[in-house]
Structure formats: structure tokens, C-alpha cells
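In: the following block contains a protein sequence and its predicted model.
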Amino acid sequence: SQKIEQNSEALNIQEGKTATLTCNYTNYSPAYLQWYRQDPGRGPVFLLLIRENEKEKRKERLKVTFDTTLKQSLFHITASQPADSATYLCALFSGGYNKLIFGAGTRLAVHP
Amino acid sequence: GAGVSQSPSNKVTEKGKDVELRCDPISGHTALYWYRQSLGQGLEFLIYFQGNSAPDKSGLPSDRFSAERTGGSVSTLTIQRTQQEDSAVYLCASSLGSDPSIQYFGAGTRLSVL
């Protein structure tokens, strides 16, 4: 069956450390993968997109990797801040379905 | 504002009543999506519009759910004879419709069925 899995447990880290979130998928061949941030009571906000032929993408303190062999994407936030606390969702686009398929998200809490 | 607008932000209804949820996408966005998010859960895809047509209705949970889009803009999601399990946040997103499809979300409508 097709699945997208993100760590269901919250990730707690200390301010200044690097947060690493994982997104694993099975039985998809995504053309690209996206990461979104969702704050309580708000809709998700787009952060980064990485295509299947790209290994790594960066934007300020954010870095995303995409390994189509492992079927995994890693999302890193360096020098994390309490303001980074939110739920982070991965979403993949599979051309055969012509839509984004979202994972359940991982809640990140950055403590001062 | 230039973002996706949803109304109402909150809706409380009694079991068995019909509800209509509205989404105003970003001007010029040809693609529009409806999702449902239950407490602590991920986004469940409901329906996708390209212009006024819905090429993918595969996520609608039952025939009590329907959606339409008029003028390539505003969309309405209708839930008939609401049930308690329909309680969730209903999110709307729009995109330019080109590849890749970066989606811009509204704040959602929180539906509570008593």
C-alpha cells in the first residue's frame, strides 16, 4: 500500500541546535516533494520544494534532502529558535495522481 | 487581502443539518483544493478543481459531500445531513495550476457537529 510517514511523536530540541525531521514514503514515485509549516489554527504555509533530480535544497536556515533510492526526505532547521516551533508537513506530488499527498506532520518544539 | 479566504471561520451545527463552506482563492489561481484535517491528523484530500471542472473527486467521503466552483473563482463545499464524524477543520488551497503545484492555504473552517 502507499504510505507517507513522518515521526508521529513531537521533536523537542534546545534553542540553537539543529532540528532534523524525517519523511519516508512507500509505493510512490514522486516528481517532487514539498515541505510546509503549520501553526495552530492556521493553514499550512509552503517552505521548500525539491525535485526528484535534486539532492539538496537550501533556504536561509532550512535545508531539505531528497533520496529517491531510500525513498526519504530530511528537513533540517539549523540554529533553531523558539519561533520555529510548529508542525511540519511533507507533501509529495505524484504525477499519476496529479495532486499533493500530505504526511501527518511532525510537531517541533524548540525550547529556550 | 491577497490570500485565500475561507468563511465562516467557525461553524457549529446540529446533526442532520446541511452546511456550506466557502473558499475565495487567490486571484488568477486556476487550481483549487479542499482538504479535511481532523484533530492532530494530517490533511485528507477531498476534491480538486481546475477551472470550474473537478477532474478528481476521489477524496469525497460520501455522497453527502459535494463541491462546486463558479467563474473559475469561488468554491463552495456542501455537506448534507451532517454527522458528528464530519467535525473537523476544512481547509481550502489554491495554486497557479502549473507544475510544480505550490499550494496557498486559507485558515480553514472549523466545523463542529453536535
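Out: Perfect, thanks for sending it.

In: give me the buried positions along stretch A:66-73.
Out: Buried residues in stretch A:66-73, defined by neighbour count with 16 or more other C-beta atoms under 10 Å in any protein chain shown: A:66, A:71-73. Yep, even glycine has a C-beta here, placed from its N, CA and C like the rest.

In: which secondary element of the chain has the worst mean pLDDT?
Out: Unless you meant another one, I'm taking chain A. strand A:99-102 (a mean of 84; mean pLDDT, DSSP states H and E).

In: actually it's chain B I care about, not the one you picked
Out: strand B:53-56 (a mean of 83).

In: need the contact partners of the next helix or strand after that one.
Out: Where DSSP states H and E defines the elements, the next helix or strand beyond strand B:53-56 is strand B:65-69. Defining contact as C-beta atoms under 8 Å, 6 or more residues apart in numbering or on different chains, one finds that strand B:65-69 is touched by B:32, B:34, B:46-47, B:49, B:51-52, B:54, B:57, B:60, B:75-80.

In: buried subset of these, written for PyMOL?
Out: With 16+ other C-beta under 10 Å as the criterion, this PyMOL line picks the buried residues out of the contacts of strand B:65-69:
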select buried, chain B and resi 32+34+46+47+49+54+60+75+77+79
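
In: spatially, which two of the contacts of strand B:65-69 are the most separated?
Out: B:G51 and B:Q80 (24.8 Å; C-beta to C-beta).

In: tell me who's in contact with the residue in chain B that chain A sits nearest to.
Out: Here chain B gets closest to chain A at one residue, B:F105, 3.0 Å apart by C-beta to the nearest C-beta. Contacts for B:F105 (C-beta under 8 Å, 6+ apart) come out as A:43-45, B:4, B:91-93.
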